[in-house]
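Visitor: what would the 3D arrangement of this be:
(chains A and B)
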Protein chains: 2
Amino acid sequence: MEKKYLFSPGPTMLPPEVLLKMAEPIMHHREPEFEKIFAEIREGLKYLFQTKNEVLVFTSSGTGAMEGAVSNILSRGDKALVIRGGKFGERWGEVCKAYGIEFIPIDVEWGKAVEPESIRKALESDPAIRAVYTQASETSTGVRHPIREIAEIVNRYEDKVIVVDAITGIGVFDIPMDQWGIDVVVSGSQKALMLPPGLAFASLSEKAWRLVERSNLPKFYFDFKKELKSTKKNQSSYTPAISLFVGLRESLNMIRKEGLEPLFRRHEKLAKATREAAKALGLGLYAPDSPSNAVTAVKIPEGIDGERLKDLFFERFGITVAEGQDRAKGKIIRIAHLGYYGRLDMVMVISALEMLLKEMGHRFELGTGVRRLEEVLMEF
Amino acid sequence: MEKKYLFSPGPTMLPPEVLLKMAEPIMHHREPEFEKIFAEIREGLKYLFQTKNEVLVFTSSGTGAMEGAVSNILSRGDKALVIRGGKFGERWGEVCKAYGIEFIPIDVEWGKAVEPESIRKALESDPAIRAVYTQASETSTGVRHPIREIAEIVNRYEDKVIVVDAITGIGVFDIPMDQWGIDVVVSGSQKALMLPPGLAFASLSEKAWRLVERSNLPKFYFDFKKELKSTKKNQSSYTPAISLFVGLRESLNMIRKEGLEPLFRRHEKLAKATREAAKALGLGLYAPDSPSNAVTAVKIPEGIDGERLKDLFFERFGITVAEGQDRAKGKIIRIAHLGYYGRLDMVMVISALEMLLKEMGHRFELGTGVRRLEEVLMEF
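Guide: Numbering: from 1, shown residues only, chains lettered A, B, ... in the order given. Below you'll find the model as predicted:
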């Protein structure tokens, strides 16, 4: 018997209730029953995004919504400010490049959060910057960027917007869109939303919609204006991933039932316990100063082969953790705790980590990690 | 008890085997097991598309692949020839417009197939035309266009390609991509592939890949070149709709087991029997001369309210049929028979049609349609 466990920051483990709901015979997307589901989803997403704005849903990977947040917001000649502190920050730059948008990168050391001050200066020195593109939680490094502070800076300008990739942020920690004045929030289904990959989300402030009105970059499938019109009729512009929508209704209901405060508190608890357990095992954290509660990036100790550790997780315990990407490859493993995860899930993964590290020659006392984990879990 | 039946041309009814497979715990898309599934899918799609070329898979609605077939194939200054004989033909024009591509429409009366001669003339008179965009099966009218003949004409040119939206063609009737020299074929998952919506497909000939090399239109998520690179490593460029991929492996296996010839023959049988049954009930066909075997568009007889008929299908029998779109609204109903449909499914829908037409005052002898259906089914 081989049980399998996902501790990757997307896809994440899924509630069986959601899986079974999606396995029901498929319905037609123009039926009143589906439109009722669509209406419920709209309300559930507004609750989750903490916004009065509509949240658009696209059948695509999260990257599709990122592309839309460039092609719908910007116009030829606009410049973008791109916070690059990891693989997903780099992706903002790549999308800009694909659309011929000149972007100014703010390169942040991997594992560190961006300094808001650097953004203030950049905006001051170049009036052609129309939008600041950032992550709420940089999945590749486990860093949380100071969105509230960045939004405050951008909000001083009438004609500039902040665009936040919150793909591993939404549903994990507090990012109140309206309260903080965030102009664009994008997200994806396979993270805290407890669904398979295949849906992407985008929500826009009034200020952002004004930029959409003047945007002249080409777009079709990810046309935000057209999708807003359809959304208001409880429809998608094109045939949607019906089964994922049906699952989304379920997972949004689960989130609503738990409530945002307890949801964020649960993620904080799991994340803090994971970080403390790693430290108790003598492991360093890749993002010690501003860690994201979505995923913990743990440094591989000297003398241990990181890729081998990741492979052994799967071979010995059926556990998928994520390795480091690009310049972090071989240096870290990333343990996710966003979405359908409880306290005892973290016990499993830390216990497996202990057994593997012991086998690979790392020196520590067996049980130390789990003990520290339990201590932190009991504090909450 | 209320049983429900889909006779819409997408989404279509799904095999329970496929639904259950997709409800299994989700796996990670970078696991060797998923890459094995991906490799099987590549082979299965090549078999289905009858091509040696790779078939790219995108997490999106079919429209996403249509957009990609414009933004990857064409370059600024290129012109497109667009066959517009229905709603989906019009969509090719809309995509071109979104990308600033000038297109020459060949407007075909709804319900008729395009005359290949008109394409020959258009290509002759305007050397700037780089690509001919058409449907194999125009879902909105139930027409089948003469793809083989169009491909023959386009193939006379070294520098021009034929792009076929085969979203309701692939897996329904014979469209041998390589043999006929079709340059681009796009399709979607919720049709003959017996899956929920959410995946789109695109396959390109060598000639088409040469155009991709020089294409300078912006693209990111639907970047064919990048996706080809990933595909060859049994990966998607961005997190794919994993559960749909898992289902796709199953449905491709089912198709392979049935075999292409029997698959096309089954669709031909169901389609012909449906058409004959409609005629036996005194109903006209919207596309009598070149009907598609994917969907039968039946004319609503004088004095019968078409929308009411469609609504009654659902209210009385739990059956979803499609109504006419745009200029065909209220004039036709469309009964689909593509994908997971057998002979007795058609008996159900024709029987329901009889009972509803009788109730609504159409004059005919009850049972006439089903009798004719049975006769045709028994001929095969």
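Visitor: so residue A:196 is in which element?
Guide: Using DSSP states H and E, residue A:196 falls within no helix or strand.
Visitor: and the residue of the stretch 201-350 of chain A found nearest chain B, how far from residue A:308?
Guide: Nearest residue of the stretch 201-350 of chain A to chain B: residue A:241, at 3.4 Å (CB to the nearest CB). To be clear about C-beta, it is placed using only N, CA and C from the backbone, and glycine gets the same treatment. Applying CB to CB, to the nearest Å, one obtains 37 Å for the distance of residue A:241 from residue A:308.
Visitor: neighbour count: those two, which is higher?
Guide: Shown here are residue A:241 and residue A:308; by other CB atoms under 10 Å in any protein chain shown, residue A:241 has more neighbours (34 against 14).
Visitor: longest helix in chain A, by number of residues?
Guide: helix A:260-280 (DSSP state H).
Visitor: what's the following helix or strand after it?
Guide: Counting by DSSP H and E, the next helix or strand C-terminal to helix A:260-280 is strand A:295-299.
Visitor: which other residues reach that following strand?
Guide: A:9, A:111, A:137, A:139, A:141-142, A:168, A:271, A:274-275, A:278, A:283-287, A:322, A:324, A:328, A:331-338 (CB atoms under 8 Å, 6 or more residues apart in numbering or on different chains).
Visitor: before we move on, the earlier item: what mean pLDDT does the longest helix of chain A get?
Guide: Taken as a whole, helix A:260-280 has a mean pLDDT of 98.
Visitor: which residues sit against that helix?
Guide: By CB under 8 Å, 6+ apart, the residues outside helix A:260-280 that reach it are A:47-48, A:50, A:171-174, A:192, A:255, A:258, A:285, A:291-294, A:296, A:298, A:335, A:337-338, A:341-343, A:345-346, A:349-350, A:353, A:368-373, A:375-377, A:380.
Visitor: tell me what angle that helix forms with strand A:295-299.
Guide: 10 degrees (axes from the mean of the first three to the mean of the last three CA atoms, to 10 degrees).
Visitor: only alpha carbons, please: show helix A:260-280 as CSV.
Guide: Below are the C-alpha coordinates for helix A:260-280, written out as CSV (Å, rounded to 0.1, in the frame of the first residue of the first chain):
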residue,chain,number,x,y,z
LEU,A,260,-11.7,34.4,7.0
GLU,A,261,-10.2,35.1,10.5
PRO,A,262,-10.0,31.4,11.5
LEU,A,263,-8.7,30.6,7.9
PHE,A,264,-5.8,33.0,8.2
ARG,A,265,-5.2,31.9,11.8
ARG,A,266,-5.0,28.2,10.7
HIS,A,267,-2.5,29.0,8.0
GLU,A,268,-0.5,31.2,10.5
LYS,A,269,-0.4,28.3,13.0
LEU,A,270,0.7,25.7,10.5
ALA,A,271,3.3,27.9,9.0
LYS,A,272,4.8,29.1,12.3
ALA,A,273,4.9,25.5,13.6
THR,A,274,6.6,24.3,10.4
ARG,A,275,9.2,27.1,10.6
GLU,A,276,9.9,26.4,14.3
ALA,A,277,10.2,22.7,13.7
ALA,A,278,12.7,23.3,10.9
LYS,A,279,14.8,25.5,13.1
ALA,A,280,14.6,22.9,15.9
